[in-house]
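Trainee: I'll drop the sequence and a predicted model, then ask my questions.
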Amino acid sequence: MPPPAETPAPTDSGSLEDVFGDLTDEEIAELFADAEGVGTVEGGSGTINLGSGGGAGAPTGGGGGQSLSDLGALGRPSIDTNPYLSDDCYNRGAGDTASGEGYTCVTLLYGTNREARPDFGETLDSQEAFTVRPDPVCEPGRVEVGERYCHLGLMTVTVPDSRRRGDPINSVPRDAERVTDRQRQRRFSIWNYETLEEEAFAQTARDMLEAAMGEMNGEYDNQAIVFIHGFNVRFRDAAFRAAQMKYDLDFPGPVFFYSWPADGSILHYLSDMDDADLSVDGLVDFLSLVRRTLPDAEINVVAHSMGTRVFAQALNRLAILEPDFELNHVFFASGDLDRNLFVEWVAPFAPRMQSLTLYTSGSDVAVASSQLLRNLFPPSDGNDRDIKSRIGFFARDTHPPVFTFGVGPDETVLPQTIDMTQTRFSFLGFATRYLLRRARLGHSDYMERTQIIDDMSCILRFGASNPDDRHTGMQSRGDTLEAQYWYFDEDGEPTLACPPLAD
């Protein structure tokens with residue numbers, strides 16, 4: 001695997017201002033000092049003594065100890081003392097710099113085949129670690145098998161404590177160089193990150209799972225989650241969604257996310273689709289790494305939008321390459337994936353998962369647009385059209401996508417389709433709401449509606465296989481078992497078998 005991007009070399013000057021820009025020596029001392037103990041920070045080639053501080057542990061480095069003026073950029077705290085393994089921000093300073101009050105630090109593990117930003121970390125609050133481009137050395141044919149995830153690491157995100165479960169993500173600007181406590185109390189932000197080699201990545205994941213076991217209380221036992229984002233998503237946005245998932249689900253175990261190089265622009269849809277297909281091998285290797293790292297854990301996967309296309313192909317390859325590979329609960333949310341391709345790619349792996357849930361909608365503007373794009377032009381000879389439909393959307397007067405292939409070891413369970421529709425989709429209605437500034441894409445309802453979050457939580461916490469048992473407002477439709485799907489009645493409430501998460 002190619003080495004992680006190196007920290008930019010420090011200047012030759014011994015002045016701290018030369019390294020930390022306009023910060024004074026006193027401000028820098030405040031950032032790293034803690035009067036109650038002694039701490040060290042990793043600084044690229046050795047360890048840095050922070051003086052009196054309870055800091056971040058004592059990592060080892062390739063060379064001798066360094067002075068603070070040689071650090072060159074914000075150091076990455078060691079995981080040895082578990083500053084990342086709790087929901088408390090480790091102390092990075094006093095005052096506006098980082099008090100840890102009013103927000104929670106959520107720690108994630110990531111893999112990506114994006115190109116790393118060489119300047120990331122030069123400022124204290126850098127917000128973009130990776131670009132929208134694929135890393136050239138990670139492209140198929142350029143790397144050894146088993147190393148296609150390319151970059152591994154750990155990312156810490158701050159989540160405002162004032163937000164309510166299911167609230168849309170509101171984040172600080174991407175170009176922020178200094179993020180204040182006031183901003184963190186209202187918006188998601190990146191706190192810090194650390195690139196990890198495979199061995200350190202695996203050990204961190206094991207430590208996270210072990211640390212979480214005492215918090216599970218019979219729920220989420222021995223579980224981890226892998227999240228795969230969709231189209232038009234930058235790296236930090238994927239981190240924010242994964243952090244929201246861990247926070248809103250109150251999930252104590254490790255949460256991973258794999259970030260493929262989506263361009264972060266609605267104008268690059270077709271380019272993103274190519275990059276999605278080129279990232280399948282990387283996701284296969286990343287999922288294999290997670291499984292090897294946590295061989296006895298129950299691995300759940302949540303794939304969203306175009307990420308369902310990457311994940312479905314990865315499942316198909318894993319069905320062939322790794323006969324013993326298994327997953328626990330699998331979720332396809334607002335999937336931008338052809339229905340027939342879904343069956344072709346996913347059905348061979350379905351016996352190796354405990355459950356398969358599809359969250360679909362008749363009001364998802366993003367997936368509706370994708371479907372429209374594929375059905376713009378009628379055939380010139382006037383014959384019946386070959387309608388291309390998506391698993392994450394169904395048009396007016398049509399049936400939500402329902403599938404009948406077997407799931408689970410005995411293949412007696414069917415995939416479950418949950419209809420999230422609130423307001424029926426129409427381009428005219430959307431355009432009107434857009435002009436009135438009331439438009440919603442409906443593309444993130446799986447994590448922005450409390451009923452759906454509760455439903456996902458119930459499956460993960462209690463393994464509840466029957467939707468009727470998960471919510472009194474969950475109503476079934478369909479004339480036969482093979483045509484059955486469920487939708488939410490807003491007047492319902494969680495059942496005694498699935499008590500809701502606390503807000």
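Mentor: Arrived safely.
Trainee: where along the stretch 251-400 of the chain do the strands fall?
Mentor: 255-259, 298-304, 327-333, 353-360 (DSSP state E, counting those that start in this stretch).
Trainee: what mean pLDDT does the last one have?
Mentor: Think strand 353-360. The pLDDT scores in strand 353-360 average 95.
Trainee: where does the prediction get shaky in the stretch 201-350 of the chain?
Mentor: For the stretch 201-350 of the chain, applying pLDDT under 70 flags the ranges 217-218.
Trainee: could the strands of the stretch 251-400 of the chain go into a markdown table alongside mean neighbour count and distance to Ile452?
Mentor: C-beta: built from backbone N, CA, C; applies to glycine. Listed next are the strands of the stretch 251-400 of the chain as a markdown table, based on neighbours: other C-beta atoms under 10 Å; distance: least, C-beta to C-beta, whole Å:
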| stretch | mean neighbour count | distance to Ile452 |
| --- | --- | --- |
| strand 255-259 | 27 | 18 |
| strand 298-304 | 25 | 11 |
| strand 327-333 | 24 | 8 |
| strand 353-360 | 23 | 6 |
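Trainee: export the ones you listed to TSV and tack on distance to Glu194?
Mentor: Listed next are the strands of the stretch 251-400 of the chain as TSV, based on distance: least, C-beta to C-beta, whole Å:
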stretch	distance to Glu194
strand 255-259	15
strand 298-304	23
strand 327-333	27
strand 353-360	32
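Trainee: closest to Asp479 out of the ones you listed?
Mentor: strand 353-360 (18.7 Å; C-beta to C-beta).
Trainee: quick check, distance from the closest one to the centre of its chain.
Mentor: Computed by C-alpha atoms, centre = their mean, to the nearest Å, the chain-centroid distance of strand 353-360 equals 18 Å.
Trainee: that strand pairs with which strands, parallel or anti?
Mentor: Strands that pair with strand 353-360, judged by DSSP bridges, come out as strand 327-333 (parallel), strand 416-419 (parallel).
Trainee: who wins for proximity to Met216 among those strands?
Mentor: Closest of the strands paired with strand 353-360 to Met216 is strand 327-333, at 14.2 Å (criterion: C-beta to C-beta).
Trainee: export that closest one to PDB, keeping only CA atoms.
Mentor: Only the C-alpha atoms of strand 327-333 are listed here, as PDB (Å, rounded to 0.1, in the frame of the first residue of the first chain):
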ATOM      1  CA  LEU A 327     -22.600 -10.100   6.700                       C
ATOM      2  CA  ASN A 328     -25.200  -9.400   9.400                       C
ATOM      3  CA  HIS A 329     -27.800  -6.800   8.500                       C
ATOM      4  CA  VAL A 330     -27.600  -5.000   5.100                       C
ATOM      5  CA  PHE A 331     -29.400  -1.800   4.100                       C
ATOM      6  CA  PHE A 332     -29.800  -0.300   0.600                       C
ATOM      7  CA  ALA A 333     -31.100   3.200   1.200                       C
END
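Trainee: tell me the angle of that strand relative to strand 298-304?
Mentor: Here strand 327-333 points in a direction 10 degrees away from that of strand 298-304 (axes from the mean of the first three to the mean of the last three C-alpha atoms, to 10 degrees).
Trainee: residues in contact with strand 327-333: which ones?
Mentor: Here strand 327-333 makes contact (C-beta atoms under 8 Å, 6 or more residues apart in numbering) with 223, 298-305, 308, 311-312, 342, 352-359, 391-392, 446-447, 456, 459-460, 463.
Trainee: how far does it sit from the chain's center?
Mentor: Distance of strand 327-333 from its chain centroid, counting by C-alpha atoms, centre = their mean, is 14 Å.
Trainee: equivalent analysis for stretch 405-422, please.
Mentor: A distance of 23 Å separates the centroid of the chain from that of stretch 405-422, by C-alpha atoms, centre = their mean.
Trainee: okay, buried residues for it please.
Mentor: For stretch 405-422, the neighbour count (16 or more other C-beta atoms under 10 Å) marks Val407, Gly408, Val413, Leu414, Pro415, Gln416, Thr417, Ile418, Asp419, Met420, Thr421 as buried.
Trainee: residues contacting the first one?
Mentor: With contacts taken as C-beta under 8 Å, 6+ apart, Val407 has the following neighbours: Ala350, Pro351, Met353, Gln354, Ser355, Leu356, Val413, Leu414, Pro415.
Trainee: alright, calling it a day.
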